[in-house]
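A.B. asks: Fold the following.
(one chain, ligands or ions: 1)
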Amino acid sequence: MSDSIQRLYQAVIAAKDLDPATSRTARLFQRGPAKMAKKLAEEAIEVVIDAVSGKSDAVIRESADLFYNLAVLWASAGVKPEDVWREMERRERLLGIAEKLPKSPVKVPKPAPVPVVRRRIVALENRLRKR
Ligand SMILES: N=c1c2ncn([C@@H]3O[C@H](COP(=O)(O)OP(=O)(O)OP(=O)(O)O)[C@@H](O)[C@H]3O)c2ncn1[C@@H]1O[C@H](COP(=O)(O)O)[C@@H](O)[C@H]1O
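C.D. replies: Here you go, the predicted structure:
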């Protein structure tokens with residue numbers, strides 16, 4: 001998958017300076033990051049709606065649009081795909097380490113409650129000691 005996204009990203013970089021009249025990518029660069037972000041958000045919502053509706057084919061198509069609009073926004077923000085892969089690999093290593101840690105914090109057994117009688121004896125002993 002990363003090869004496909006890498007090729008898509010390179011195509012976006014190659015298209016960003018083309019004629020906006022004929023290139024969607026160039027048009028998005030002309031309109032700027034806010035428009036790119038709006039398109040990306042729209043595509044994300046379209047993926048969500050189609051997934052909830054169980055329309056797998058539509059999810060596939062909209063996901064391709066989502067990746068395209070994400071690649072455009074990356075290019076605009078100066079982010080390269082390898083920057084994202086590096087972060088994902090860092091998290092994978094971290095998660096790998098985390099998987100070796102106990103799932104829940106070590107449970108320290110609560111001390112048994114001091115029986116009421118014992119507390120009364122201690123109180124009496126303290127009172128006698130003060131006389
Ligand atoms: N991979 C894509 C790609 N995926 C999706 N899209 C565009 O994104 C649109 C999907 O978003 P929308 O559904 O919102 O589009 P829309 O319904 O036309 O609505 P509007 O955004 O126009 O309002 C598609 O109709 C495509 O026009 C893409 N446009 C271009 N590419 C690639 O980008 C490179 C540069 O192409 P140009 O931008 O055409 O120069 C080429 O390699 C292309 O293959």
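
A.B. asks: Quick one: name the residues of this structure near the ligand.
C.D. replies: Residues of the chain found near the ligand (C-beta under 6 Å from any ligand atom) are 8, 11-12, 15, 18, 23-25, 39, 42, 64-65, 68. Glycine gets a C-beta too; all of them are placed from N, C-alpha and C.

A.B. asks: can you rerun that using 5 Å?
C.D. replies: Contacts of the chain with the ligand, taken as C-beta under 5 Å from any ligand atom, map to 11, 15, 23, 24, 25, 65, 68.

A.B. asks: From those residues, which land in helices?
C.D. replies: Using DSSP state H, the subset of these located in helices is 11, 15, 24, 25, 65, 68.

A.B. asks: Verify the contact between the second one and residue 22 for me.
C.D. replies: What that stands for is residue 15. No: Residue 15 lies out of contact with residue 22 (C-beta atoms under 8 Å); the separation is 9.8 Å.

A.B. asks: Pick out whichever of the two has more residues nearby.
C.D. replies: Neighbour totals were compared for residue 15 and residue 22, and residue 15 leads with 19 against 9 (other C-beta atoms under 10 Å).

A.B. asks: Report the contact partners of the residue lying closest to the more buried one once chain neighbours are set aside.
C.D. replies: Nearest in space to residue 15, with sequence neighbours left out and distances taken as C-beta to C-beta, 6 or more residues apart in numbering, is residue 25 at 3.8 Å. Applying C-beta atoms under 8 Å, 6 or more residues apart in numbering, we find residue 25 in contact with 11, 12, 15, 16, 18, 72.
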